[in-house]
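Asks: following is a predicted model, sequence given first.
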Amino acid sequence: MSTVKRELVPIIIMKEIIDKKRELGRILSKHKVKEPEEIEKGIEKGKLPEHPSYEDFLSALALRSNIEEMKKLARDLIGEI
């Protein structure tokens, strides 16, 4: 991979992180919570409908996990530059 392309990878990853954080924020604000686990608790307590809240809960967990993985990857790549 050329140096220029290699240097662009962290930038592309950062854009993906921003996009995923926006999506996570959208899901959390939809349910008026700060963490995905609060959606699950709301479902368990009957404060939120199971559908589509559970799907949102799973999506929020996946987004949060992906964001953390991409942050680590970006740190590693930036460290190599």
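Replies: Looks like it arrived, so ask away.

Asks: give me the element the residue positioned nearest the centre of the chain is part of.
Replies: The centre of the chain sits closest to Leu63, judged by CA atoms, centre = their mean, with a distance of 2.9 Å. Under DSSP states H and E, the secondary-structure element containing Leu63 is helix 50-80.

Asks: which phi and psi does Glu35 have?
Replies: Here the main-chain torsion angles of Glu35 (degrees, to the nearest 10) amount to phi -130, psi 150.

Asks: what's the answer for Lys34, then?
Replies: Its backbone dihedrals place Lys34 at phi -110, psi -20, with angles given as degrees, to the nearest 10.

Asks: hmm, Ile43 is touching Glu50, no?
Replies: Yes: counting by CB atoms under 8 Å, Ile43 does reach Glu50; the two are 5.6 Å apart. Any C-beta I mention is one placed from the backbone N, CA and C, and that applies to glycine too.

Asks: the more surrounded of the two?
Replies: Looking at Ile43 and Glu50 with other CB atoms under 10 Å, you find the greater number of neighbours at Ile43, namely 18 against 11.

Asks: now the more buried one: how far from Asp76?
Replies: 36 Å (CB to CB, to the nearest Å).

Asks: low-confidence stretches in the chain?
Replies: Judged against pLDDT under 70, the low-scoring parts of the chain cover residues 1-4, 81.

Asks: can you count the residues close to the closest residue to the residue nearest to the centre of the chain other than its chain neighbours?
Replies: In space, Leu63 comes closest to Leu24 once its chain neighbours are excluded; the distance is 4.3 Å by CB to CB, 6 or more residues apart in numbering. Leu24 has 19 neighbours, counted by other CB under 10 Å.

Asks: fine by me, we can end here.
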